[in-house]
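**Student:** How does the following fold in three dimensions:
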Amino acid sequence: MIKKDRLLSQIEQLINAEKSLTPLLNKHVTTSLFFSNLKDDEREKIIEYFQNLVISKTKHVEILEGIKSDVAGRERNVY
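**Tutor:** Numbering: from 1, shown residues only. Purely as a prediction, here's the structure:
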């Protein structure tokens, strides 16, 4: 069992982690692709994969924010 405040705090930590990872990943992928000897079609596939990953992470953050809002709006104090 977990108290509401602790659950909300941990959800917030997850949200912050998700949000901070995307720019970091972008920086590393961009730098790696710049210095790589990949062909254009290979580079495009990697960029497309990364874009799909960003979309997934954005949806995940939205889900976490929804859960956080739901938990915060309930009177229940233990989960």
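
**Student:** for the chain, what spans make up the strands?
**Tutor:** In the chain, no strands are defined using DSSP state E.

**Student:** Check the chain and tell me which residue is nearest its centre.
**Tutor:** Compute the mean C-alpha point of the chain, and by CA atoms, centre = their mean the closest residue is Glu18, 3.0 Å away.

**Student:** Enumerate every residue touching the nearest residue to that one once chain neighbours are set aside.
**Tutor:** Nearest non-adjacent residue to Glu18, counting by CB to CB, 6 or more residues apart in numbering: Val61, 4.9 Å away. For the C-beta atoms, the positions are set from N, CA and C on the backbone; glycine is no exception. Contacts for Val61 were tallied using CB atoms under 8 Å, 6 or more residues apart in numbering; they are 15, 18-19.

**Student:** ok so, going back, any idea how far Gly73 is from the residue nearest to the centre of the chain?
**Tutor:** From Glu18 across to Gly73, the span is 21 Å (CB to CB, to the nearest Å).

**Student:** so where's the longest helix in this protein?
**Tutor:** helix 40-73 (DSSP state H).

**Student:** show me what contacts Met1?
**Tutor:** Taking CB under 8 Å, 6+ apart as the criterion, Met1 is in contact with 78-79.

**Student:** Now stretch 7-22: buried residues?
**Tutor:** Applying a neighbour-count criterion of 16 or more other CB atoms under 10 Å, one finds 7-8, 11, 15 buried in stretch 7-22.

**Student:** can you redo those residues as JSON lines with pLDDT and distance to Gly66?
**Tutor:** Compiled in JSON lines, the buried residues of stretch 7-22 are given as follows (pLDDT from 0 to 100; distance: CB to CB, whole Å):
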{"residue": "Leu7", "pLDDT": "97", "distance to Gly66": "14"}
{"residue": "Leu8", "pLDDT": "97", "distance to Gly66": "13"}
{"residue": "Ile11", "pLDDT": "98", "distance to Gly66": "10"}
{"residue": "Ile15", "pLDDT": "97", "distance to Gly66": "11"}
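
**Student:** That concludes my questions; thank you for your assistance.
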